[in-house]
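A.B. asks: Any chance you could fold what I've pasted below:
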Amino acid sequence: FFFCTVGPPVTNPRLGIVVGAGLAVLKAAKALANHESLRVIPFDRRNPHLFQPLLYQVATAGLSAVDVGHAVRALFHKQPDVAFRRGTVVGVDRDARRVELAVGSSLDFDYLVLSAGASANYFGIDGAQEHALPLYDLGDALRARNHILERFEEVDADPGLLADGALTFVVVGGGPNGVEMAGALVELVDMALARDFRHLDLSRVRIVLVESRDRLLPLFSPPSSRHAREALEARGVEVRLGELVARVDAKAVYLASGERVPCRTPIWAAGVTANPLAGTLGLEQAQGGRIVVESDLSVPGDPSVFVVGDLAAAVGADGRLAPQLAPVAMQEGRH
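C.D. replies: Here you go, the predicted model:
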C-alpha cells in the first residue's frame, strides 16, 4: 500500500490508498502526490521496491540484489509529506470504504488503487511448484543464483554427475522472462564460469527453453520471435516449441511428448496468475484471475476503486488483454 501526504494542509482532504509497490504504483503515487486536496498513503508488504524485469540478472550473477531493489521511502525523498507504511492487506470492504490488514487493524479510504501484482502460475502441473525455480521476487532470484552456482561446484567435485543432468537447465516459458533467462545463462557459462571452472568440460552444459506455443515471444511481432530463436540457437540454446511440460521432479522434466530431460535446475517462467487478494474482493475476474476494469482502470460500478499493473485485465485498442509487462504497468500507473 502507499499512503502519501503531499502539499500544504487542506481542510478534510480525501484519502487515497495505493496497494502495492510495483512500477504501476510508483507512477501513480508520484502523480497523485502532487494533488493538493488528496492524501496518498503508500502501503506494501515489503520494502524495497523491486525492478522485476532485471531479476533474471540477479539469478545469473550479473547484478547484485541492491541493483534491483530500492528502498520505497527513498523514492519519495523529494516529497517529504509522503509516509510509507509496510504491511499486508488481507481484504477490502468496498461498502465500508476500508482495507483490512493482516495485523488486525484497518484503514479507511476515499479512493483505492489496487496493484498487488501477480505470482507464478504453475497451471496445475505435477511437481512444478515443488521443484521448479520461479523468478518473481528477490528471494526467488537469490535462491536461483545460489542453486545454479552450487550445481557447478557439485560437478567440479564429481564430474560423474553430468550424466544425471546436473548441468542441464530447463527454462519453461518462451516469453520475455524465459528468453532473457536462457540468454543470461549462456553468458554466465561463457563469460564467468568458464574462467572459474577451467577443468570442467562446459561444452556438456545444456540449456533447454521449452515453449508451448509455436514461437517465442508470442506477444511480440513474428520477426522479433524469429530473431530471438535464431540468436538463442546460435549460442547453443535448445529451443523446443510446441512442447508442453507434463510433470517435474527433483531429477528431471517430463515433456508431454514422452521425453524425459534429466535436469536438476528447472526454471519456471511460464506465466503468472493474479495475487490471491483479487479473489477475495467480489469483483469480476478475467483470464489468470485478473480484475476486469473500465477504460479509466476503475472497476465496473465503482469509480473510486482502480486496478493497475499485473492485477488489471485492461483491454487494448485491439480488444486483447494488455500484456503483463513493465512498460504496460507504467503506462497504466500514469493513466
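
A.B. asks: now this structure, which segments are flagged as low pLDDT?
C.D. replies: Along the chain, the parts satisfying pLDDT under 70 run over 1-21, 33-43, 47, 79-83.

A.B. asks: what about the helices in it?
C.D. replies: Taking DSSP state H to define them, one finds helices in the chain at 23-32, 55-59, 65-68, 72-75, 128-131, 138-157, 176-187, 194-196, 222-234, 326-334.

A.B. asks: Those into a markdown table, with extra columns for mean neighbour count?
C.D. replies: In this view, the C-beta of every residue, glycine as well, is placed from N, C-alpha and C. Putting the helices of the chain into a markdown table (neighbours: other CB atoms under 10 Å) gives the following:
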| stretch | mean neighbour count |
| --- | --- |
| helix 23-32 | 24 |
| helix 55-59 | 25 |
| helix 65-68 | 14 |
| helix 72-75 | 17 |
| helix 128-131 | 16 |
| helix 138-157 | 16 |
| helix 176-187 | 22 |
| helix 194-196 | 11 |
| helix 222-234 | 15 |
| helix 326-334 | 19 |
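
A.B. asks: Show me what stretch 53-63 is in contact with.
C.D. replies: 64-65, 67-68, 133, 135-138, 140-142, 144-145, 148-149, 176-177, 180-181, 184-185, 187-188, 192, 267, 326 (CB atoms under 8 Å, 6 or more residues apart in numbering).

A.B. asks: surely G175 meets L219?
C.D. replies: Yes. Under the criterion of CB atoms under 8 Å, G175 makes contact with L219 at 7.1 Å.

A.B. asks: So which of the helices of the chain is nearest D95?
C.D. replies: Proximity to D95, assessed across the helices of the chain by CB to CB, is greatest for helix 23-32 (23.5 Å).

A.B. asks: tell me the angle that closest one makes with helix 326-334.
C.D. replies: When axes from the mean of the first three to the mean of the last three CA atoms, to 10 degrees is applied, the directions of helix 23-32 and helix 326-334 differ by 30 degrees.

A.B. asks: Can you spell out which helices and strands pack onto helix 23-32?
C.D. replies: Contact partners of helix 23-32 among helices and strands, from 3 or more CB pairs under 8 Å, 6 or more residues apart in numbering; DSSP states H and E: strand 2-5, strand 14-19, strand 38-44, helix 326-334.

A.B. asks: Show me how far it is from its chain's centre.
C.D. replies: Distance of helix 23-32 from the chain centroid (CA atoms, centre = their mean, to the nearest Å) equals 18 Å.

A.B. asks: for stretch 112-129, same thing?
C.D. replies: Worked out by CA atoms, centre = their mean, stretch 112-129 lies 9 Å from the chain centre.

A.B. asks: repeat for stretch 206-222
C.D. replies: 18 Å.

A.B. asks: repeat for stretch 286-305
C.D. replies: Put simply, stretch 286-305 sits 21 Å off its chain's centre (CA atoms, centre = their mean).

A.B. asks: Between G175 and L219, which is the more surrounded one?
C.D. replies: Using other CB atoms under 10 Å, the more surrounded residue of G175 and L219 is G175, with 21 against 13.

A.B. asks: So what would you say the end-to-end distance of stretch 110-117 is?
C.D. replies: By CA to CA, to the nearest Å, the extent of stretch 110-117 from end to end equals 22 Å.

A.B. asks: again, but for stretch 110-124
C.D. replies: 38 Å.

A.B. asks: again with stretch 290-298
C.D. replies: So stretch 290-298: terminal residues 13 Å apart, CA to CA.

A.B. asks: Other residues contacting it?
C.D. replies: By CB under 8 Å, 6+ apart, stretch 290-298 touches 114, 274, 278, 281, 283-286, 299-300, 303-308, 310-314, 321, 332, 335.

A.B. asks: So which of the residues you listed are in strands?
C.D. replies: 114, 274, 299, 303-307, 312-313 (DSSP state E).

A.B. asks: hmm, which of these are the buried ones?
C.D. replies: Taking 16 or more other CB atoms under 10 Å as the criterion, what is buried in those is 114, 274, 299, 305-307, 312-313.

A.B. asks: Closest one of those to R226?
C.D. replies: Ranked by distance to R226 (CB to CB), those are led by A313 at 29.6 Å.

A.B. asks: Next one: the spatially closest residue to P303 that is not a sequence neighbour from V113, what distance?
C.D. replies: Excluding the flanking residues, the one nearest P303 by CB to CB, 6 or more residues apart in numbering is D296, at 7.8 Å. Look at D296 and V113: by CB to CB, to the nearest Å, they are 12 Å apart.
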